[in-house]
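Peer 1: Just a sequence and a predicted model for now, questions to come.
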Amino acid sequence: MSTDPGIGPRYQDSTKYHRHQMPSSPGWAQVPPYKKYENPLRYVELPQPQQDDPGLWQTIAGRRSHRRFADDPISLPQLAQLVWAVTGVTLQESEHAFRAAASAGALYPNETYLLVSNVTDCPAGIYHYEVLEGRLAMLAEGDFSLDIAQACFDQRFCAAAGVVFAWGAVVARCAEKYADRAYRYIYLDAGHLGAHLQLAAAALGLGSVNVGAFFDDEVNHLLGLDGTAETVVYLAAAGTLKDTG
Ligand SMILES: Cc1cc2nc3c(=O)[nH]c(=O)nc-3n(C[C@H](O)[C@H](O)[C@H](O)COP(=O)(O)O)c2cc1C
């Protein structure tokens, strides 16, 4: 009988970063950064994007990755707004709850965890977001800001952020429908979550940065995930902006 776990788990395992066993750098990519078709049928010139709308367009224009956070806390309403914008329920249709960010097959395999360190009216700790209840369940109490920064390649902004979001993929939730292709959808879904978080932070005047550089096992250990059935795939730090003026 084959003991091969299948391409999905092998892929996940082989692409892990290990602190003492890092892959050598592949050097500069030879692939051009832009794709260009020669001799297309026609060109259509696009108008300048509008930036005078106080809503979506300005938010998109203002989105930037910020890595310098102030000591001022995020407010709880701001945190609630961020979580809702990432993965809150926005449509209830019979038994199915559709969420703010798109998900392949509407399966939403990525669970949202929050490492809160500087949010008003929310004690520091590790939380899990309960989607249907719209509430946070505390899993561990205390300030884990240094631990998560260390686990994220010592990126210090993770320690200065008011909150670090971490998304853990419940692989089987997606794999029972898509088999090994599920990993693609899990990562794509996570990208949507990170994008929603950044736009929400920009709309609130907060700073945020997505984080793909992390030691998988260390973050999984912090979150209490086994790293196989559920494994961290993506993180993002958010906080009040440091006044640069
Ligand atoms: C998948 C992904 C992973 C990223 N990981 C990190 C990270 O670990 N550390 C970091 O400082 N920035 C990280 N970033 C932020 C990028 O560096 C940033 O988006 C890029 O420099 C473009 O800048 P902008 O977001 O301000 O447009 C990540 C972004 C993405 C989309």
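Peer 2: That came in fine, so what should we check first?
Peer 1: Near the ligand, which residues of this structure? Just list them.
Peer 2: Counting by CB under 6 Å from any ligand atom, the positions of the chain adjacent to the ligand are Arg64, Ser65, Arg67, Gln155, Val209, Asn210, Val211, Gly212, Ala213. Every residue, glycine included, has its C-beta placed from N, CA and C.
Peer 1: which one of those residues sits closest to Pro32?
Peer 2: Proximity of the residues of the chain next to the ligand to Pro32 was ranked by CB to CB; the top entry is Gly212 with 22.4 Å.
Peer 1: any idea which element the nearest residue to Arg135 once chain neighbours are set aside lies in?
Peer 2: For Arg135, the nearest residue in space outside its immediate sequence neighbours is Tyr129; the separation is 7.7 Å by CB to CB, 6 or more residues apart in numbering. Element membership of Tyr129 [criterion: DSSP states H and E] is strand 125-130.
Peer 1: quick one: buried residues of that strand?
Peer 2: Neighbour counts over strand 125-130 (16 or more other CB atoms under 10 Å) mark Gly125, Ile126, Tyr127, His128, Tyr129 as buried.
Peer 1: Turn those into CSV, columns for distance to Tyr178 and pLDDT.
Peer 2: Conversion of those to CSV gives the following (distance: CB to CB, whole Å; pLDDT from 0 to 100):
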residue, distance to Tyr178, pLDDT
Gly125, 34, 95
Ile126, 29, 95
Tyr127, 29, 94
His128, 24, 94
Tyr129, 24, 93
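Peer 1: Among the residues of the chain next to the ligand, which ones are in helices?
Peer 2: The helices, defined by DSSP state H, take in nothing from the residues of the chain next to the ligand.
Peer 1: before we move on, the earlier item: please identify which of the buried residues of strand 125-130 is nearest to the ligand.
Peer 2: The ligand lies nearest to Ile126 out of those, by CB to the nearest ligand atom, at 19.6 Å.
Peer 1: partners of that closest one in the sheet?
Peer 2: Partner residues in beta bridges with Ile126: Leu115, Ala140, with DSSP bridges as the criterion.
Peer 1: Wait, it touches Ala137, no?
Peer 2: No. Shown here, Ile126 and Ala137 do not form a contact pair, counting by CB atoms under 8 Å, at 9.8 Å.
Peer 1: residue ranges with poor pLDDT in the chain?
Peer 2: Judged by pLDDT under 70, the chain has its weakly predicted residues at 1, 25-29, 31, 34, 49-54, 244-245.
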